[in-house]
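Peer 1: give me a 3D structure for the following:
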Amino acid sequence: MVTAGMAGKRRAMAAAMKRRREEAPGPGQDTEREQERGCLRFWAAHSWALAERWTAARAAGPSGAAEAREQRRRQRDAFEELLLSIRGLPVALPTLPLELTVLYNSLLFTLGASDSAIEGQPDGIRQGLLRVLEACGACGQDLSTEELWQKVLQEVTVEELQAPLHRLGALQAAWWLAAGRLGSIAGLFRLLSTAEDTGRGRCSEGQNELLSLLKTWQVPAEGVCLPLVQSAEDLKEILCTAAAFLQGLQELEAGNFPTALSLLQEAARGFCSKKVVAQIYTCLGCCAQRMGKPQTALQHLKRALQVDFQCLSALSHAAAVYHELGEIDTELQALALLCEALKKKPPAAASSSPNILIQTELLVHTPTLTSLLRHRHPSEVKYLLAQRCLQGGRVADAVEHYLDFLALLQDGLQQQVPLDGSSTLPRIPEVFLEAASALEQAGRHQDAITVCEEVIRRTTDLIPRMLREEERLEQPECPSPGAGLAGELLSQKKESLCCLAWRTAGYLHQGWAWAKLGESKEAITQFSRCLGDLLRVQLRGPGTEPIENVPPEVEVLQKIRLLSLIGRGTQFLELGRHKEALLDFQHGLHISPGDPAAASYLVQALWKLDRKQEAAAQWQKLSQSSPGEQEGKGRPLPLYLVSCLEHAMFPHSETLASTIQDYLETAAQDTSS
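Peer 2: Numbers count the residues shown, from 1 in each chain. From the prediction side, this is the model:
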């Protein structure tokens with residue numbers, strides 16, 4: 001609302017300007033004004049020539065990205081030179097509309113020459129506003145940019161300046177939008193809107209205020225004598241689209257999914273390139289997925305690919321949704337397509353229009369968007385293909401993809417695998433062990449042994465002779481002055497435990513591989529090496545504390561120890577060394593009480609040692625336990641241990657069960673008689 005004081009200032013300023021116009025020119029003033037008009041005509045003609053040169057260059061057809069940026073830089077430099085010429089003379093009201101228009105065009109090329117996002121605060125806009133105030137007999141050097149805009153728009157009433165100021169205001173909004181200063185934009189457009197516009201743009205409950213203000217802003221008419229290289233109408237449409245897109249991303253990050261969905265849908269209907277439309281639909285797909293609507297997510301992601309098949313992030317997210325739905329065939333197809341597409345160099349993305357200098361992609365650049373649109377590295381996709389095939393039981397395909405991935409590593413780790421912390425790849429030794437697991441399941445036991453040997457060789461020098469695990473592996477809640485050193489030691493201990501897990505898992509896999517080859521003695525040697533290495537660390541005893549308090553590294557080592565004991569015990573049974581087998585199974589049950597595989601093998605060992613009463617008692621105890629009692633306990637095993645767990649499962653033996661049942665029935669009859 002305009003206050004009485006503001007109205008008084010406006011009347012005083014208008015009166016002063018009227019007096020200036022009515023004053024009779026003194027001697028020499030006619031000459032000055034004629035020179036001023038001559039300069040104005042020259043500057044206007046030069047401005048027209050620059051605008052026409054840009055139009056002709058763009059009409060000549062599309063050029064490469066580097067050439068286009070160079071064209072824009074040359075145009076920017078030319079407009080900046082013209083602006084300096086205009087500002088070389090004292091500020092005057094008659095030249096201000098042209099000066100502000102040249103400033104507008106110059107800043108458009110400054111933005112258009114940007115490679116990605118707008119950065120920094122345009123000093124040119126501030127200088128333009130200060131010159132407007134100077135021409136009207138006011139100043140604002142000490143004001144912030146927001147305060148300066150408020151002073152100019154509330155106190156400057158010259159009709160000829162309204163349209164250039166509105167265009168400059170829209171340009172200011174573009175910079176603020178790129179910086180995420182949505183509140184500043186809303187305040188500016190409240191000032192730019194007339195009372196009628198403000199009433200028409202007042203948003204009801206549930207509507208977005210900023211979008212309402214932008215949509216109801218009346219775009220100023222473009223003067224015939226003031227050429228523009230990008231119309232204010234286009235700029236308005238881009239601001240509306242970018243504001244909806246940016247706010248949609250903010251709501252998505254905040255977890256307000258319905259609001260995010262509405263804003264992103266608004267942005268998808270806006271003025272932007274196919275590339276940006278595809279990005280918006282990708283974000284819509286991610287939003288729907290987080291809302292628990294996978295089918296809707298797939299519709300949006302498919303739409304993104306229809307608009308722009310080079311939007312590979314949509315394909316990546318679609319594969320994740322198919323994984324969530326358990327549709328492994330379709331997931332693998334999507335990953336295979338993604339892998340092939342990443343090998344090809346994508347064509348340069350087309351602009352929404354060759355004459356559009358400011359585009360939506362320049363204004364919306366946030367960490368959330370970067371994360372959602374992150375392109376997977378080809379090695380990541382190749383690994384995902386291998387992992388999903390192994391998880392889905394497609395062993396032959398898994399082996400092929402793992403070997404391809406290992407070949408990428410051989411070609412050069414730095415070039416083939418992303419190391420910036422954003423990769424979803426596991427540690428490299430784990431990938432080797434997963435490959436060994438796939439090779440084992442494919443019956444390629446010698447190849448599995450060779451791969452594991454590489455893991456063992458590379459981790460040998462990374463493990464201390466002894467590891468004391470009794471100290472807690474969690475960070476202290478209240479860090480002490482020496483917390484930095486303590487944290488470093490903690491990290492080293494965790495890394496040592498990881499290396500120990502990888503090395504012992506290598507021996508474990510080799511043990512099972514030799515066992516499958518029928519080489520029981522060699523298998524026992526490898527299982528024994530595994531158990532010998534595990535003696536380097538004193539693990540917690542069973543039941544000393546809840547599973548959730550056991551560090552994951554320690555839980556993996558406990559599982560490896562159990563599987564090695566079962567593996568060695570089974571090979572002792574193969575060689576008829578039943579007492580040694582019994583000791584291993586007993587030790588396994590001590591580590592993991594109630595483990596069904598260890599308990600079943602224990603029954604078998606007792607029976608072979610003719611300790612039938614003990615065997616029958618253990619069998620009854622095992623039969624009475626719930627089948628799923630051990631399932632679901634602890635964290636999920638690493639993928640590279642799953643095949644070892646399957647090897648260790650006790651084979652279902654109807655003969656042994658029937659024999660023990662007959663023994664129990666006979667014993668019961670003898671007792672009753």
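
Peer 1: any idea how many residues pack against residue 367?
Peer 2: A total of 9 residues lie near residue 367 under the criterion other Cβ atoms under 10 Å. Heads up, the C-betas are built off the backbone N, CA and C, glycines and all.

Peer 1: confidence score at it?
Peer 2: pLDDT for residue 367: 90.

Peer 1: backbone torsions only: list them for it.
Peer 2: With angles defined as degrees, to the nearest 10, residue 367 sits at phi -60, psi -40.

Peer 1: who touches residue 91 in this structure?
Peer 2: Counting by Cβ atoms under 8 Å, 6 or more residues apart in numbering, residue 91 touches 99, 131, 134, 135.

Peer 1: name the SS class of it, please.
Peer 2: coil (DSSP: H, G, I helix; E, B strand; the rest coil).

Peer 1: quick one: it from residue 650, how far?
Peer 2: Residue 91 sits 93 Å away from residue 650, going by Cβ to Cβ, to the nearest Å.

Peer 1: so which residue is dead centre in this protein?
Peer 2: In the chain, the residue lying closest to the centroid (Cα atoms, centre = their mean) is residue 371, at 2.3 Å.

Peer 1: domain assignment for the chain?
Peer 2: 4-14+38-218, 243-372, 490-660 (automatic domain parsing).

Peer 1: show me which pair in the contacts of residue 91 is furthest apart.
Peer 2: Distance extremes for these: the farthest pair is 99 and 134 at 11.7 Å, using Cβ to Cβ.

Peer 1: pLDDT weak spots in the stretch 551-673 of the chain?
Peer 2: When residues are selected by pLDDT under 70, those of the stretch 551-673 of the chain lie in 626-634, 670-673.

Peer 1: quick check: the residue nearest to the centre of the chain is in a strand.
Peer 2: No - using three-state DSSP, the secondary structure at residue 371 is helix, not a strand.

Peer 1: let me see the contact set for it.
Peer 2: Contacts of residue 371 by Cβ under 8 Å, 6+ apart: none found.

Peer 1: the more surrounded of residue 99 and residue 134?
Peer 2: Between residue 99 and residue 134, residue 99 has the larger neighbour count (other Cβ under 10 Å), namely 23 against 15.

Peer 1: quick check, pLDDT for the closest residue to the more buried one other than its chain neighbours.
Peer 2: Using Cβ to Cβ, 6 or more residues apart in numbering and skipping residues adjacent in sequence, the residue nearest residue 99 is residue 86, 4.9 Å away. Here, the pLDDT recorded for residue 86 equals 86.

Peer 1: tell me where the stretch 451-600 of the chain has helices.
Peer 2: According to DSSP state H, counting those that start in this stretch, the stretch 451-600 of the chain carries its helices in the segments 483-516, 520-534, 552-574, 578-591, 596-608.

Peer 1: what does stretch 448-465 contact?
Peer 2: Residues outside stretch 448-465 that contact it (Cβ under 8 Å, 6+ apart): 406, 429, 432-433, 435-437, 439-440, 495-496, 499-500, 502-503, 505-507, 509-510, 513-514, 533, 536.

Peer 1: list only buried entries from these.
Peer 2: Neighbour-count burial (16 or more other Cβ atoms under 10 Å) is assigned, among the contacts of stretch 448-465, to 406, 429, 432-433, 435-437, 439-440, 496, 499-500, 502-503, 505-507, 509-510, 513-514, 533, 536.

Peer 1: doesn't residue 56 lie inside a helix?
Peer 2: Yes - assessed with three-state DSSP, residue 56 lies in a helix.

Peer 1: distance check, it against residue 591.
Peer 2: With distances taken as Cβ to Cβ, residue 56 is found 81 Å from residue 591.

Peer 1: the more surrounded of those two?
Peer 2: Counted by other Cβ under 10 Å, residue 56 and residue 591 do not tie: residue 591 has more neighbours, with 16 against 9.

Peer 1: pull out the buried residues from the strand or helix carrying residue 658.
Peer 2: Here residue 658 sits within helix 654-672, counting by DSSP states H and E. Of all the residues in helix 654-672, those buried under the rule 16+ other Cβ under 10 Å are 656, 659, 660, 663, 664.

Peer 1: ok, now stretch 331-345?
Peer 2: The neighbour-count criterion (16+ other Cβ under 10 Å) identifies 331, 332, 334, 335, 336, 337, 338, 339, 341, 342 as the buried residues of stretch 331-345.

Peer 1: alright, that wraps it up for me.
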